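Visitor: here is my input, please return the structure:
(one chain, ligands or ions: 2)
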Amino acid sequence: MPDYKIAPSILSANFARLGEEVDSVLAAGADWVHFDVMDNHYVPNLTIGPMVCKALRDHGVEAPIDVHLMVEPVDDMIRMFADAGATYITFHPEASKHVDRSLQLIKSLGCKAGLVFNPASSLDAAKYVMDKLDMILLMSVNPGFGGQKFIPATLDKLKEARKLIDDSGLDIRLEIDGGVTRDNIREIAQAGADSFVAGSAIFNQDDYAAVINAMRAELAQ
Ligand code: DX5
Ligand code: ZN
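Guide: Numbering: from 1, shown residues only. Ligands and ions are numbered 1, 2, ... in the order given. This next block holds a predicted model:
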(Lines give C-alpha, C1' and ligand atoms only; values in the text may rest on other atoms or scores of the structure.)
(Ligands and ions follow the chains in the order given, each with its own letter.)
Protein backbone atom coordinates (compact mmCIF):
# COMPACT_ATOMS: atom_id res chain seq x y z
CA MET A 1 0.00 0.00 0.00
CA PRO A 2 1.37 3.45 -0.85
CA ASP A 3 2.32 5.80 1.96
CA TYR A 4 -0.97 7.70 1.92
CA LYS A 5 -1.19 11.14 3.54
CA ILE A 6 -4.36 12.86 4.69
CA ALA A 7 -4.11 16.64 4.73
CA PRO A 8 -7.11 18.43 6.24
CA SER A 9 -7.62 21.88 4.72
CA ILE A 10 -7.96 24.41 7.51
CA LEU A 11 -9.99 26.59 5.15
CA SER A 12 -13.03 24.84 6.62
CA ALA A 13 -11.84 25.03 10.24
CA ASN A 14 -13.22 27.49 12.78
CA PHE A 15 -10.75 30.37 12.47
CA ALA A 16 -11.76 31.79 15.83
CA ARG A 17 -10.15 28.70 17.41
CA LEU A 18 -7.56 27.78 14.79
CA GLY A 19 -4.84 26.45 17.10
CA GLU A 20 -7.27 24.10 18.85
CA GLU A 21 -8.75 23.01 15.54
CA VAL A 22 -5.32 22.07 14.18
CA ASP A 23 -4.42 20.26 17.42
CA SER A 24 -7.70 18.32 17.26
CA VAL A 25 -7.39 17.27 13.65
CA LEU A 26 -3.79 16.12 14.16
CA ALA A 27 -4.80 14.21 17.30
CA ALA A 28 -7.55 12.66 15.18
CA GLY A 29 -4.90 11.15 12.90
CA ALA A 30 -4.26 13.71 10.17
CA ASP A 31 -0.77 13.60 8.63
CA TRP A 32 -0.38 17.15 7.33
CA VAL A 33 -1.99 20.56 7.67
CA HIS A 34 -3.16 21.92 4.30
CA PHE A 35 -2.90 25.71 4.36
CA ASP A 36 -4.81 27.58 1.63
CA VAL A 37 -3.49 31.05 0.81
CA MET A 38 -5.77 33.24 -1.33
CA ASP A 39 -5.16 36.85 -2.40
CA ASN A 40 -8.39 38.08 -4.06
CA HIS A 41 -6.37 38.40 -7.25
CA TYR A 42 -5.37 34.98 -8.47
CA VAL A 43 -8.61 33.64 -6.93
CA PRO A 44 -11.72 35.58 -5.85
CA ASN A 45 -11.30 35.04 -2.12
CA LEU A 46 -9.01 36.19 0.67
CA THR A 47 -7.66 33.97 3.45
CA ILE A 48 -4.57 33.71 5.61
CA GLY A 49 -0.89 34.55 5.24
CA PRO A 50 2.54 33.76 6.67
CA MET A 51 1.79 35.28 10.10
CA VAL A 52 -0.82 32.60 10.67
CA CYS A 53 1.56 29.85 9.57
CA LYS A 54 4.17 31.18 12.00
CA ALA A 55 1.54 31.39 14.75
CA LEU A 56 0.72 27.70 14.27
CA ARG A 57 4.42 26.78 14.55
CA ASP A 58 4.74 28.97 17.68
CA HIS A 59 1.63 27.24 19.05
CA GLY A 60 3.58 23.97 18.82
CA VAL A 61 2.38 22.40 15.56
CA GLU A 62 5.14 20.03 14.43
CA ALA A 63 3.33 18.27 11.58
CA PRO A 64 4.23 19.14 7.99
CA ILE A 65 2.45 22.30 6.82
CA ASP A 66 1.42 22.01 3.17
CA VAL A 67 1.13 25.59 1.91
CA HIS A 68 -1.01 25.95 -1.22
CA LEU A 69 -0.40 29.38 -2.72
CA MET A 70 -3.30 30.77 -4.73
CA VAL A 71 -1.60 34.14 -5.13
CA GLU A 72 0.04 36.08 -7.95
CA PRO A 73 2.95 36.75 -8.08
CA VAL A 74 4.44 34.03 -5.89
CA ASP A 75 8.09 34.76 -5.06
CA ASP A 76 7.61 37.14 -2.10
CA MET A 77 5.10 34.76 -0.53
CA ILE A 78 7.51 31.85 -1.04
CA ARG A 79 10.18 33.70 0.96
CA MET A 80 7.76 34.65 3.72
CA PHE A 81 6.23 31.18 4.06
CA ALA A 82 9.64 29.54 4.13
CA ASP A 83 10.50 31.86 7.05
CA ALA A 84 7.16 31.07 8.66
CA GLY A 85 7.84 27.33 8.83
CA ALA A 86 6.18 25.90 5.72
CA THR A 87 7.15 22.33 4.80
CA TYR A 88 5.70 22.11 1.28
CA ILE A 89 5.11 25.21 -0.83
CA THR A 90 3.05 24.71 -3.99
CA PHE A 91 1.93 27.30 -6.53
CA HIS A 92 -0.01 27.50 -9.78
CA PRO A 93 2.31 27.79 -12.83
CA GLU A 94 0.04 30.50 -14.32
CA ALA A 95 0.87 32.68 -11.30
CA SER A 96 4.64 32.86 -11.87
CA LYS A 97 6.39 34.40 -14.88
CA HIS A 98 9.38 32.13 -14.22
CA VAL A 99 8.20 28.79 -12.94
CA ASP A 100 11.62 27.14 -12.87
CA ARG A 101 13.07 30.06 -10.91
CA SER A 102 10.23 30.02 -8.37
CA LEU A 103 10.71 26.27 -7.86
CA GLN A 104 14.45 26.80 -7.35
CA LEU A 105 13.65 29.53 -4.83
CA ILE A 106 11.48 27.16 -2.79
CA LYS A 107 14.21 24.50 -2.78
CA SER A 108 16.96 27.00 -1.94
CA LEU A 109 14.98 28.01 1.15
CA GLY A 110 14.90 24.40 2.35
CA CYS A 111 11.23 23.66 1.57
CA LYS A 112 9.65 21.01 -0.63
CA ALA A 113 8.31 22.33 -3.92
CA GLY A 114 5.24 21.59 -5.97
CA LEU A 115 3.11 22.75 -8.86
CA VAL A 116 -0.68 22.94 -8.78
CA PHE A 117 -2.84 22.32 -11.82
CA ASN A 118 -6.33 23.79 -12.21
CA PRO A 119 -9.07 21.56 -13.62
CA ALA A 120 -8.65 22.90 -17.18
CA SER A 121 -4.83 23.17 -17.15
CA SER A 122 -2.67 20.60 -18.87
CA LEU A 123 0.26 19.01 -17.08
CA ASP A 124 2.75 20.39 -19.61
CA ALA A 125 4.27 22.88 -17.17
CA ALA A 126 5.54 19.97 -15.06
CA LYS A 127 7.39 18.13 -17.81
CA TYR A 128 10.66 20.06 -17.89
CA VAL A 129 10.92 20.70 -14.17
CA MET A 130 10.27 17.22 -12.83
CA ASP A 131 13.69 17.13 -11.14
CA LYS A 132 12.68 20.17 -9.05
CA LEU A 133 9.31 18.81 -7.92
CA ASP A 134 8.46 17.08 -4.65
CA MET A 135 4.74 17.24 -5.38
CA ILE A 136 2.22 17.57 -8.17
CA LEU A 137 -1.12 18.81 -6.86
CA LEU A 138 -4.22 18.41 -9.02
CA MET A 139 -7.20 20.64 -8.30
CA SER A 140 -10.42 18.69 -8.56
CA VAL A 141 -12.47 21.88 -8.10
CA ASN A 142 -11.86 25.42 -9.29
CA PRO A 143 -9.67 27.04 -6.64
CA GLY A 144 -11.06 29.66 -4.30
CA PHE A 145 -13.60 27.97 -2.08
CA GLY A 146 -14.13 24.91 0.06
CA GLY A 147 -17.20 22.72 -0.13
CA GLN A 148 -17.39 22.25 -3.92
CA LYS A 149 -18.10 19.04 -5.79
CA PHE A 150 -15.30 16.82 -7.14
CA ILE A 151 -14.90 17.22 -10.94
CA PRO A 152 -14.87 13.63 -12.33
CA ALA A 153 -12.57 14.41 -15.30
CA THR A 154 -9.80 14.76 -12.70
CA LEU A 155 -9.67 10.96 -12.41
CA ASP A 156 -8.23 10.61 -15.93
CA LYS A 157 -5.85 13.47 -15.24
CA LEU A 158 -4.65 11.71 -12.09
CA LYS A 159 -3.82 8.65 -14.18
CA GLU A 160 -1.85 10.84 -16.58
CA ALA A 161 0.03 12.50 -13.71
CA ARG A 162 0.71 9.11 -12.09
CA LYS A 163 2.27 7.88 -15.34
CA LEU A 164 4.37 11.03 -15.67
CA ILE A 165 5.70 10.51 -12.14
CA ASP A 166 6.26 6.76 -12.48
CA ASP A 167 8.02 7.17 -15.84
CA SER A 168 10.33 9.79 -14.30
CA GLY A 169 11.41 7.39 -11.55
CA LEU A 170 11.47 10.38 -9.18
CA ASP A 171 10.08 10.62 -5.68
CA ILE A 172 7.16 13.02 -6.30
CA ARG A 173 3.92 12.98 -4.34
CA LEU A 174 0.62 13.21 -6.19
CA GLU A 175 -1.90 15.20 -4.21
CA ILE A 176 -5.57 15.86 -4.93
CA ASP A 177 -7.47 18.89 -3.65
CA GLY A 178 -11.20 19.59 -3.80
CA GLY A 179 -14.36 17.64 -3.08
CA VAL A 180 -12.60 14.63 -1.51
CA THR A 181 -14.89 12.61 0.76
CA ARG A 182 -14.92 9.19 2.37
CA ASP A 183 -17.18 8.10 -0.52
CA ASN A 184 -14.81 8.94 -3.38
CA ILE A 185 -11.35 8.66 -1.77
CA ARG A 186 -10.84 5.03 -2.82
CA GLU A 187 -11.58 5.77 -6.48
CA ILE A 188 -9.23 8.76 -6.30
CA ALA A 189 -6.46 6.60 -4.84
CA GLN A 190 -7.01 3.96 -7.52
CA ALA A 191 -6.49 6.69 -10.14
CA GLY A 192 -3.06 7.36 -8.65
CA ALA A 193 -3.27 9.94 -5.84
CA ASP A 194 -1.22 9.30 -2.69
CA SER A 195 -2.01 12.51 -0.76
CA PHE A 196 -5.52 13.77 -0.07
CA VAL A 197 -6.66 17.24 0.91
CA ALA A 198 -10.08 17.32 2.54
CA GLY A 199 -11.62 20.43 4.06
CA SER A 200 -15.38 20.38 4.45
CA ALA A 201 -15.57 16.56 4.58
CA ILE A 202 -13.57 16.64 7.82
CA PHE A 203 -14.27 19.98 9.49
CA ASN A 204 -18.02 19.92 8.86
CA GLN A 205 -18.30 16.81 11.04
CA ASP A 206 -18.11 16.82 14.83
CA ASP A 207 -15.92 13.73 15.06
CA TYR A 208 -12.76 14.34 13.00
CA ALA A 209 -11.26 10.97 13.94
CA ALA A 210 -14.33 9.14 12.66
CA VAL A 211 -14.00 10.74 9.21
CA ILE A 212 -10.23 10.25 9.00
CA ASN A 213 -10.53 6.63 10.14
CA ALA A 214 -13.27 6.03 7.57
CA MET A 215 -11.03 7.50 4.87
CA ARG A 216 -8.12 5.29 5.92
CA ALA A 217 -10.38 2.24 5.95
CA GLU A 218 -11.39 3.04 2.35
CA LEU A 219 -7.72 3.40 1.38
CA ALA A 220 -6.83 0.09 2.99
CA GLN A 221 -9.31 -1.86 0.85
C1 DX5 B 1 -9.83 25.33 -2.69
C2 DX5 B 1 -8.79 24.85 -1.72
C3 DX5 B 1 -9.07 23.56 -1.08
C4 DX5 B 1 -10.33 23.50 -0.27
C5 DX5 B 1 -10.83 22.10 -0.29
O6 DX5 B 1 -9.31 26.38 -3.43
O7 DX5 B 1 -7.54 24.72 -2.39
O8 DX5 B 1 -7.96 23.14 -0.30
O9 DX5 B 1 -10.19 23.92 1.04
O10 DX5 B 1 -12.03 22.06 0.36
P11 DX5 B 1 -13.03 20.85 0.19
O12 DX5 B 1 -12.35 19.62 0.69
O13 DX5 B 1 -14.20 21.26 1.03
O14 DX5 B 1 -13.36 20.76 -1.27
ZN1 ZN C 1 -5.82 23.80 -1.29
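
Visitor: quick one: stretch 120-128 to chain centroid distance?
Guide: Distance of stretch 120-128 from the chain centroid (Cα atoms, centre = their mean, to the nearest Å) equals 17 Å.

Visitor: which residues does that stretch contact?
Guide: Judged by Cβ atoms under 8 Å, 6 or more residues apart in numbering, the contacts made with stretch 120-128 from elsewhere in the structure are 92-94, 99-100, 115, 117, 133, 136, 157, 160-161, 164. For glycine as for every other residue, the C-beta is placed from the backbone atoms N, C-alpha and C.

Visitor: buried among those? Make that a PyMOL selection.
Guide: Selection of the buried residues among the contacts of stretch 120-128 in PyMOL, burial being defined by 16 or more other Cβ atoms under 10 Å:
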select buried, resi 92+93+99+115+117+133+136+157+161+164
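
Visitor: and the two most separated of the contacts of stretch 120-128?
Guide: Largest separation among the contacts of stretch 120-128 by Cβ to Cβ: Asp100 and Lys157, giving 22.3 Å.

Visitor: burial count for Ala120?
Guide: Counted with other Cβ atoms under 10 Å, the neighbours of Ala120 add up to 9.

Visitor: look at it and report its pLDDT.
Guide: In this prediction, Ala120 carries a pLDDT score of 98.

Visitor: could you do Gly144 as well?
Guide: At Gly144, the pLDDT recorded in the model is 98.

Visitor: buried residues in stretch 68-80?
Guide: So, applying 16+ other Cβ under 10 Å, buried residues of stretch 68-80: 68-74, 77-78, 80.

Visitor: of these, closest to ligand 2?
Guide: Of all the buried residues of stretch 68-80, the one sitting nearest ligand 2 is His68; the distance, using Cβ to the ion, is 3.7 Å.

Visitor: so what does the helix or strand that contains the closest one touch, helix or strand wise?
Guide: Here His68 sits within strand 65-70, counting by DSSP states H and E. Counting contacts by 3 or more Cβ pairs under 8 Å, 6 or more residues apart in numbering; DSSP states H and E, strand 65-70 packs against strand 33-38, helix 50-59, helix 75-83, strand 88-91.
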